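1. sequence and predicted structure are below.
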Amino acid sequence: MTASGLPFDDFRDLISNLRGPDTVALAAARERDSQLTKPGGALGRLEEIAFWLAAWSGRSPAVNRPLVAVFAGNHGVTAKGVTPFPSSVTAQMVANFAAGGAAINQICVANDLGLKIFDLALDVPTGDITEEAAMDERGCAATMAFGMEAIAGGTDLLCIGEMGIGNTTIAAAIFHALYGGTAAEWVGPGTGSEGEVLARKIAAVEAAVALHKPHLGDPLEVLRRLGGREIAAMAGAILAARTERIPVLIDGYVATAAAAILHAMNPSALDHCLIGHVSAEPGHIKALDRLGKTPLLALGMRLGEGTGAALAAGIVKSAAMCHSGMATFAQAGVSGKD
Ligand SMILES: O=C(O)c1ccc[n+]([C@@H]2O[C@H](COP(=O)([O-])O)[C@@H](O)[C@H]2O)c1
Ligand SMILES: Cc1cc2nc[nH]c2cc1C
């Protein structure tokens, strides 16, 4: 935070001055790929992933310390009856993550990924977005800064995930504010809302966007007013990864809402990110279209926790291993094309 400026000023500066891809590392990766023992292009999107790793890490493609960061927050809007589960489940699931009992724990073990959980003042839900701003500017900026620290321990592939009862309402409000359309277009079942709960969810998203409308031209105001702490922290983590040359995998509908805030500020802000999977939440594919992103996986999942990103990390690891470990035609004595 600057001594004189407003809390958001440093983020605005950072986002408007992002560095681009490392074109030297990218060219070297393309050159090596052309020599590997396979027909050119035969590894399909795995080759593109290896090039993406080179461009955004600035090194030869490698994934040695992949990390899943899961950010957890609670939301005042749950008072409006927008989700079938009580907010207490957020802290209970954080305890389950710590004990190793959640889906994300198993996927991390299966793919040899590190896992860190960041819980964000779960006892103090953010403001109910249908009545007030979720956060004040200082709190929102401080939470983004906290998210930036997620990579302090070091990683070379960051998977972004979240846990927060009520946060599919929050994500829908963010997408509705950024991309327009109707509230109903962006609202889906989340953990399983239907009937009256779903109707209240649509009404809450409509009411929140109407209340804050005059301020929603500024994406950081969308984040502050309609977001939540885990959304702000994910935005901070994605941004910090860019400045530290760490490629990022984004999870589902909710994590994508955090990414969309950065993209609205600078359309190149997500160039170091791939989308791990498309969630079953119906608004996700529409949001990905707006971001110009093609997800790696489509498994009908709608859990959150970073599970879709973590599964995709297995593919990214394989892409890096093929690139770094395969023999060249010359090394293996395999004949090239006539
Ligand atoms: O990100 C997704 O694609 C996604 C889709 C459906 C549900 N979720 C998870 O479900 C929780 C929020 O759902 P809800 O119904 O309480 O708004 C939260 O913990 C999310 O991680 C996440
Ligand atoms: C049990 C449960 C686990 C979750 N993991 C992510 N969101 C979740 C929501 C619920 C309700």
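-> Nice, thanks for sending it over. Ligands and ions are numbered 1, 2, ... in the order given.
2. and Pro267, how many neighbours?
-> 11 (other Cβ atoms under 10 Å). Placement of C-beta: from N, CA and C, glycine included.
3. do the one 4 residues further on as well
-> For Asp271, the neighbour count with other Cβ under 10 Å is 15.
4. now swap in Arg290 and tell me
-> 14.
5. which residue sits closest to it in space, ignoring its chain neighbours?
-> The shortest distance from Arg290 to any non-neighbouring residue, by Cβ to Cβ, 6 or more residues apart in numbering, is to Tyr179 (5.5 Å).
6. distance of that neighbour relative to ligand 2?
-> For Tyr179, the distance to ligand 2 (Cβ to the nearest ligand atom, to the nearest Å) stands at 24 Å.
7. please apply the same query to Glu194.
-> Taken as Cβ to the nearest ligand atom, the span from Glu194 to ligand 2 is 15 Å.
8. ok so, going back, contact partners for the residue nearest to Arg290?
-> 186, 286-287, 290 (Cβ atoms under 8 Å, 6 or more residues apart in numbering).
9. so which of those sit within helices?
-> Judged by DSSP state H, the contacts of Tyr179 include 186, 286-287, 290 as members of helices.
10. up against ligand 2, what does the stretch 201-338 of the chain have?
-> Selection of the stretch 201-338 of the chain residues close to ligand 2 by Cβ under 6 Å from any ligand atom yields 303-305.
11. returning to that earlier point: ok, the contacts of Tyr179 vs Gly101, which is closest?
-> Closest approach to Gly101 among these (Cβ to Cβ): Ala287, at 30.2 Å.
12. surely that closest one is in contact with Gly252?
-> No - between Ala287 and Gly252 there is no contact under Cβ atoms under 8 Å: 10.0 Å.
13. the two: which is more packed in?
-> Neighbour tally, Ala287 and Gly252, criterion other Cβ under 10 Å: the higher count belongs to Gly252, 29 against 26.
14. which residue, other than its chain neighbours, is closest to that one?
-> Here the residue nearest Gly252, using Cβ to Cβ, 6+ apart, is Ser279, at 3.5 Å.
15. who's in contact with the one you found?
-> Residues in contact with Ser279 (Cβ under 8 Å, 6+ apart) are 251-253, 301-302, 308.
16. quick check, nearest of those to Gln35?
-> Using Cβ to Cβ as the measure, the one of those that approaches Gln35 most closely is Gly308, at 33.2 Å.
17. secondary structure class for the closest one?
-> What DSSP: H, G, I helix; E, B strand; the rest coil gives for Gly308 is helix.
18. count the neighbours of it for me.
-> By other Cβ under 10 Å, the residues close to Gly308 number 32.
19. next helix or strand past the helix or strand hosting Ala320?
-> Ala320 belongs to helix 307-325 when assigned by DSSP states H and E. Note on helix 307-325: by DSSP H and E, the next helix or strand toward the C-terminus is helix 329-332.
20. and that next one, average pLDDT?
-> In this model, helix 329-332 has an average pLDDT of 98.
21. run the chain-centre distance for that helix.
-> 39 Å (Cα atoms, centre = their mean, to the nearest Å).
22. what packs against that helix?
-> Helices and strands touching helix 329-332, as assessed by 3 or more Cβ pairs under 8 Å, 6 or more residues apart in numbering; DSSP states H and E, are absent.
23. which residues touch that helix?
-> Against helix 329-332 from outside (Cβ under 8 Å, 6+ apart): 35-37, 335-336.
24. closest one of these to Ala172?
-> Comparing the contacts of helix 329-332 against Ala172 with Cβ to Cβ places Leu36 closest, at 43.7 Å.
25. what pairs with the closest one across the strands?
-> On the basis of DSSP bridges, Leu36 is bridged to Thr328.
26. can we start the residue count at 33 from this point?
-> In the new count, where the first residue is 33, that last one comes out as Leu68.
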